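[1] Fold the following.
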Amino acid sequence: MIYKNKYKYIKFFQKKKFGQNFLTDPLIITKIIKCINPIQNDLLLEIGPGLGALTIPICNIISKLNVVDIDLDVLNFFKNKKIFSKINFFLKDICKFNLMQFYLNNKKKKIRIFGNLPYNISTILLIRLIKFNFIIKDMHFMFQKEVANRILSHPNSKLYGRLSILIQYFFKVKKMFDISPKSFYPSPKIYSTFLKFSPHKIFSQFNFDLNILSKITKIAFSKRRKILKHSLKNLFTEDVLLKLNINSKLRAENLSLKKYCQLTDYLIRQDI
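    Numbers count the residues shown, from 1 in each chain. This is a model prediction of the structure:
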């Protein structure tokens with residue numbers, strides 16, 4: 001196993017600029033692989049393989065695994081492993097990785113994505129990935145527990161916000177389990193949470209545009225302590241909110257995903 005003398009070994013590889021925290025707990029590794037349930041013909045893409053905590057055991061299950069990492073040292077690490085013949089390694093910044101081209105190059109097979117996302121890019125990356133929901137079969141990721149709770153939150157919660165709305169429009173999100181800081185090296189100061197994302201389609205009765213939904217939520221939540229009558233006044237009159245059966249005295253955190261989709265639909269219709 002790669003964790004012989006692991007702390008000295010991992011310390012050599014760990015780079016703060018990449019937000020690296022390496023998973024080392026064999027029990028957690030086993031639980032994660034069980035959740036992912038890799039099958040031989042799956043098109044699997046791992047983000048940030050680190051030192052192979054998930055990569056190596058998954059390569060022992062399937063014949064080919066695609067991995068993306070920006071760190072040349074990680075690539076060189078895998079080059080010295082027997083399982084490297086099973087790895088298709090992309091030395092890329094995942095935020096610039098051409099996921100659509102990857103999909104097309106693999107005969108339009110839907111992609112299963114997983115990984116221990118670097119904390120410093122997890123939210124940015126997730127927002128980017130939702131734009132490709134139609135080519136994704138599922139995703140399994142670790143997040144800071146606080147970020148995971150924001151993703152999972154519902155209306156009337158202080159954690160409910162743009163992230164919750166944008167993600168939940170495209171994906172059904174399920175919490176699998178929490179992970180102790182002790183399961184990583186170096187140990188982060190906070191707990192992590194492992195989530196499963198399954199693409200879905202909802203509210204087919206509404207016209208939809210991600211840019212418009214993003215604009216509405218950005219304005220609403222940038223002034224989240226103001227009532228909608230004031231925070232959204234540049235987009236919707238009070239009469240329009242009333243027509244849409246939306247209480248203008250509510251705040252951004254009180255509106256459901258469906259209501260935000262109604263607002264999006266209304267703006268789209270104004271341009272039709």
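
[2] ok, what's across the strand from residue 89?
    Taking DSSP bridges, one finds residue 67 as the beta-bridge partners of residue 89.

[3] Would you confirm that it contacts residue 75?
    Yes - with contact defined as CB atoms under 8 Å, residue 89 counts as touching residue 75 (5.6 Å). Where C-beta positions appear, they are placed from N, C-alpha and C, glycine not excepted.

[4] what is in contact with those two at once?
    Shared contacts of residue 89 and residue 75 (CB atoms under 8 Å, 6 or more residues apart in numbering): residue 69.

[5] In the stretch 1-150 of the chain, what residue spans correspond to strands?
    For the stretch 1-150 of the chain, the strands defined by DSSP state E, counting those that start in this stretch occupy 22-23, 43-47, 65-69, 87-91, 111-116, 136-144.

[6] As JSON lines, the ones you listed with mean neighbour count would be great.
    Supplementary listing: those in JSON lines, determined by neighbours: other CB atoms under 10 Å:
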{"stretch": "strand 22-23", "mean neighbour count": "22"}
{"stretch": "strand 43-47", "mean neighbour count": "22"}
{"stretch": "strand 65-69", "mean neighbour count": "22"}
{"stretch": "strand 87-91", "mean neighbour count": "16"}
{"stretch": "strand 111-116", "mean neighbour count": "22"}
{"stretch": "strand 136-144", "mean neighbour count": "21"}
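
[7] I'd like to know which of the ones you listed lies nearest to residue 154.
    strand 136-144 (17.3 Å; CB to CB).

[8] Buried residues in stretch 88-103, which are they?
    For stretch 88-103, burial by neighbour count (16 or more other CB atoms under 10 Å) applies to 89, 90, 94, 97, 99, 102, 103.

[9] Actually, stretch 234-245.
    235, 236, 240, 241.

[10] From those, pick the one nearest residue 42.
    residue 235 (42.7 Å).

[11] Not counting its neighbours along the chain, what's nearest the most centrally placed residue in the chain?
    By CA atoms, centre = their mean, the chain has its centre lying nearest to residue 126, at 3.5 Å. Among residues not flanking residue 126 along the chain, residue 167 sits closest, at 6.6 Å (CB to CB, 6 or more residues apart in numbering).

[12] likewise residue 64?
    Nearest to residue 64 is residue 86, by CB to CB, 6+ apart, at 5.8 Å.
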